[in-house]
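Engineer: The sequence and its predicted three-dimensional model are supplied below.
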Amino acid sequence: MSIVAYSQVISKGVYEFPFSYQLPHEGISSSFIGKYGSIKYWIEAEIQRPLFTLNNKIKTKLNVDVPLVCNDIMLPLKLSAQKSDFFFHNNGSIRMDAMIDRRAYYPGEFVVIHCNVINQSSTRVIPRIMKSNTNDWRDWLQEPDLLPLKYFKYCNVPIPIGIAISVDSPILKE
């Protein structure tokens, strides 16, 4: 971005210099201040004065809120995983399907998880739910040899005792 300066000397009086700047449509992030980093935008104006005097400078914070594009954020999310042949023994497989009704939630909302486990092996399976939070931040110098800093927070969520669990396993059937 080039800075274009007003080239004429102005005498005593009140002057108005209207200008505009269009923020880019893409590649700009919302303003925020967090524990591990921040994104701030500023507008700065400066009046150059004759030599050997300090320039007058003012600066103010500009908040930028980038609209959230939620084309697929309200769609359900379904994940599946399957393990088989434990320790090179041919004793069946375990399959798990997990689904949540949408991909984004507000703080304080309940996340309803639908989980289906199909155990066709002799391995005992203990279901557990884990919520993880990952924040990635890069060093402010943006040096290419530095890896992003990662902050992990794991939280084990116990499965309620009174929940109705249906069992469909060939091992447990009589």
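Structural biologist: Received, thanks. Everything numeric here is computed off the predicted structure, so don't read it as measured data.
Engineer: for the protein, where's the lowest mean pLDDT among helices and strands?
Structural biologist: strand 149-157 (a mean of 56; mean pLDDT, DSSP states H and E).
Engineer: Stretch 35-53 spans what distance, first to last residue?
Structural biologist: 39 Å (CA to CA, to the nearest Å).
Engineer: Now do the buried residues in it.
Structural biologist: For stretch 35-53, a neighbour-count test (16 or more other CB atoms under 10 Å) marks nothing as buried. Just so you know, the C-beta spots here come from the backbone N, C-alpha and C atoms, and that holds for glycine as well.
Engineer: in this structure, which spans are strands?
Structural biologist: Under the criterion DSSP state E, strands of the chain are mapped to 32-33, 38-39, 41-47, 56-62, 77-84, 93-100, 113-119, 129-137, 149-157.
Engineer: And the contacts of the first one?
Structural biologist: Right, the one you point to is strand 32-33. For strand 32-33, the external contacting residues (CB atoms under 8 Å, 6 or more residues apart in numbering) are 38-40.
Engineer: again, 7 Å this time
Structural biologist: Applying CB atoms under 7 Å, 6 or more residues apart in numbering, the contact partners of strand 32-33 are 38-39.
Engineer: Partner strands of that strand, with direction?
Structural biologist: Neighbouring strands of strand 32-33 in its sheet, by DSSP bridges, are strand 38-39 (antiparallel).
Engineer: Equivalent analysis for the fourth one, please.
Structural biologist: Taking DSSP bridges as the criterion, strand 56-62 pairs within the sheet with strand 41-47 (antiparallel).
Engineer: Mind exporting the C-alpha coordinates of the partner strand to PDB?
Structural biologist: Output in PDB follows, covering the C-alpha atoms of strand 41-47 (Å, rounded to 0.1, in the frame of the first residue of the first chain):
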ATOM      1  CA  TYR A  41      -6.600  -2.500  13.100                       C
ATOM      2  CA  TRP A  42      -5.700   1.200  13.400                       C
ATOM      3  CA  ILE A  43      -6.400   4.400  11.500                       C
ATOM      4  CA  GLU A  44      -3.500   6.900  11.800                       C
ATOM      5  CA  ALA A  45      -3.200  10.500  10.500                       C
ATOM      6  CA  GLU A  46      -0.100  12.600  10.600                       C
ATOM      7  CA  ILE A  47       0.600  16.300   9.900                       C
END
